[in-house]
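Undergrad: model this:
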Amino acid sequence: MGKDKDKDKDKDKDKDKASKINTGIDVQDRQEIAGSKINTGINAQDRQEIANGLSRLLADTYTLYLKTHNFHWNVTGPMFQTLHLMFEQQYTELALAVDLIAERIRALGYPAPATYSEFSQLSSIQETLGVPKAKEMIQLLVEGQEAVVRTARSVFPTVDAANDEPTADLLTQRMHIHEKTAWMLRSLLEE
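TA: From the prediction side, this is the model:
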């Protein structure tokens with residue numbers, strides 16, 4: 001029972017941290033900024049919690065974008081042409097997704113995180129240093145795609161409870177794309 005309370009406290013700290021990272025200001029000040037100016041049927045607390053979750057999704061998506069673009073530039077080996085083109089398609093799709101996610105955060109009334117330092121603090125995906133071999137690149141991208149799915153899925157309980165259909169639609173689309181991309185990448189690893 002005590003461990004569950006500690007986990008809840010840690011989650012609350014993570015939410016507050018995400019909130020402060022997102023704008024550089026604390027939770028109460030953010031609520032005053034977003035305030036009651038927005039009246040779309042989602043209360044300010046739920047909008048804030050959804051925006052914080054979307055901020056983590058944005059950070060994961062942007063980090064995966066950078067990783068995929070890096071691998072596009074630096075892939076070598078017998079699968080060069082195939083991977084070079086595949087990675088280009090993937091990072092192009094991710095670049096479009098970043099904009100959709102950031103705009104949803106803004107529509108909810110909150111600023112979208114937009115710096116490397118914010119993304120590195122919010123993202124669950126680690127940077128890859130150096131230039132891995134092609135097969136390792138593929139594995140790292142599978143892991144990144146799956147991480148984005150987990151992050152998107154983690155936002156759903158709040159979105160569902162708030163009846164936030166536009167965000168639910170966005171999350172569903174993102175999960176579909178990332179699950180499909182992970183499957184396609186995973187198939188390249190089979191022998």
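
Undergrad: how far off centre is the helix or strand containing V159?
TA: Counting by DSSP states H and E, the element that carries V159 is helix 134-161. Relative to its parent chain, helix 134-161 has a centroid offset of 8 Å by C-alpha atoms, centre = their mean, to the nearest Å.

Undergrad: after that helix, which helix or strand is next?
TA: Per DSSP H and E, the helix or strand that comes after helix 134-161 is helix 165-189.

Undergrad: how much space between the most far-flung residue of the chain relative to its centre and V142?
TA: Distance from the C-alpha centroid of the chain, by C-alpha atoms, centre = their mean, peaks at P78 (31.6 Å). Distance from P78 to V142, counting by C-beta to C-beta, to the nearest Å: 19 Å. Every residue, glycine included, has its C-beta placed from N, CA and C.

Undergrad: and what of L122?
TA: The gap separating L122 from V142 is 21 Å, by C-beta to C-beta.

Undergrad: now A161
TA: 31 Å.

Undergrad: contacting residues for I101?
TA: L54, L57, L58, T61, A112, L170, R174 (C-beta atoms under 8 Å, 6 or more residues apart in numbering).

Undergrad: of all these, which two lie farthest apart?
TA: A112 and R174 (15.2 Å; C-beta to C-beta).

Undergrad: buried sites along the helix or strand hosting L54?
TA: L54 belongs to helix 44-74 when assigned by DSSP H and E. Neighbour counts using 16 or more other C-beta atoms under 10 Å place 44, 46-72 of helix 44-74 among the buried residues.

Undergrad: next, G130: secondary structure please.
TA: Classification of G130 by DSSP: H, G, I helix; E, B strand; the rest coil places it in coil.

Undergrad: tell me the phi and psi of it?
TA: Dihedral angles of G130 (phi, psi; degrees, to the nearest 10) stand at phi 80, psi -170.

Undergrad: ok, now the one 3 residues further on?
TA: The phi and psi torsions at K133 (degrees, to the nearest 10) take the values phi -70, psi 160.

Undergrad: how much space between it and Q81?
TA: In this structure, K133 and Q81 are 16 Å apart, going by C-beta to C-beta.

Undergrad: now do the contacts for S124.
TA: Each residue near S124 by C-beta under 8 Å, 6+ apart is listed here: R56, D60, A147, R150, T151.

Undergrad: other SSEs contacting the helix holding V159?
TA: Packing contacts for helix 134-161, counted by 3 or more C-beta pairs under 8 Å, 6 or more residues apart in numbering; DSSP states H and E, involve helix 44-74, helix 80-107, helix 165-189.
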